[in-house]
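K.L.:
Have a look at this prediction, sequence included:
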Amino acid sequence: MAETKIDPRVIRTRRLIMDSFIQLSMRKDFKDITIKDITTEATVNRATFYYHFTDKYDLLEKVLKDDLMTKVISEIVDHDKLNQSTIVSVFLSVTNFQMSLAGQCRRSFESFTATIETIIKKELESIFYQMLLKQHSTDSDESLRIAAIMLSWGIYGATVDWQHNSTVPPEEYIKLAIPYLTHGMDFLVSEEL
């Protein structure tokens, strides 16, 4: 089966539109960005925009997915097992991404929050599920899927809590929770004894 090669011009145009959207997001609130703004900034016509994206929400999702997951995956690519080191790396990667996005697109960051949350949780769920499948291939797929969901939602929730409520650096924050995450109820019981 032959692989379909994508024309480099298509890739460049798509990237140009995405970069233009990011630049606009630094200057305007998301709700105020129009397709005309994006096409003008990217110097493409509306038909070209709609060839690549269905609307600005689709563009937002693809920008976040491409940028986020490229960064997160590159930072955890060396981790093939789900362990303390992986959890710390994922947490730090997601917090770094959120800080970077909030700094770059401060005006639009609040508008992106729900989309960011959905993408991060879904992508982390997939990453964790694949890791768990490799480590526990004999376990129930449904059990592993549920564990992956709990991990992804928990880590995302912790990044939001750190962002809004913590005064310690993210490295210190996650290290406070690691014993409870990796040893669970056993750690709580031994602490009480």
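P.N.:
Looks like it came in fine. Numbers count the residues shown, from 1 in each chain.
K.L.:
So for the most centrally placed residue in the chain, what's the nearest residue that isn't a sequence neighbour?
P.N.:
Residue closest to the average C-alpha location in the chain (Cα atoms, centre = their mean): residue 120, at 3.6 Å. With Cβ to Cβ, 6 or more residues apart in numbering as the criterion, residue 120 has its nearest non-adjacent residue at 5.1 Å, and that residue is residue 156. Using the backbone N, CA and C atoms, a C-beta is placed for each residue, glycine as well.
K.L.:
That neighbour is in contact with residue 113, isn't it?
P.N.:
No: using Cβ atoms under 8 Å, residue 156 makes no contact with residue 113, being 11.2 Å away.
K.L.:
what comes into contact with stretch 117-130?
P.N.:
61, 64-65, 68-69, 72-73, 76, 82, 90, 94, 144-145, 147-149, 151-153, 155-156, 160 (Cβ atoms under 8 Å, 6 or more residues apart in numbering).
K.L.:
And the buried ones among those residues, selectable in PyMOL?
P.N.:
Per 16 or more other Cβ atoms under 10 Å, the buried members of the contacts of stretch 117-130 correspond to this PyMOL selection:
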select buried, resi 61+64+68+69+72+76+82+90+94+144+147+148+149+151+152+155+156+160
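K.L.:
so of the contacts of stretch 117-130, which ones are in strands?
P.N.:
Per DSSP state E, strands hold no members of those.
K.L.:
Now for the closest residue to residue 153 other than its chain neighbours, how many residues are close by?
P.N.:
Spatial nearest neighbour of residue 153, excluding adjacent residues (Cβ to Cβ, 6+ apart): residue 121 at 5.6 Å. For residue 121, the neighbour count with other Cβ atoms under 10 Å is 18.
K.L.:
Can you give me the distance of residue 121 to residue 38?
P.N.:
27 Å (Cβ to Cβ, to the nearest Å).
K.L.:
all strands in this protein, in order from the N-terminus.
P.N.:
According to DSSP E, the chain contains no strands.
K.L.:
how's it carved up into domains?
P.N.:
Per automatic domain parsing, the structural domains of the chain span 7-53, 56-192.
K.L.:
can you give me the helices in this structure?
P.N.:
8-27, 35-42, 46-52, 56-76, 84-104, 106-135, 141-165, 170-192 (DSSP state H).
K.L.:
so for the shortest one, what's the average pLDDT?
P.N.:
Per-residue confidence for helix 46-52 averages out to 96 on the pLDDT scale.
K.L.:
Just the buried positions in that helix, please.
P.N.:
So for helix 46-52, counting by 16+ other Cβ under 10 Å, buried means 48, 49, 52.
K.L.:
what's the answer for the first one, then?
P.N.:
By neighbour count, and taking 16+ other Cβ under 10 Å as the criterion, the buried residues in helix 8-27 are 13, 14, 16, 17, 18, 20, 21, 22, 24, 25.
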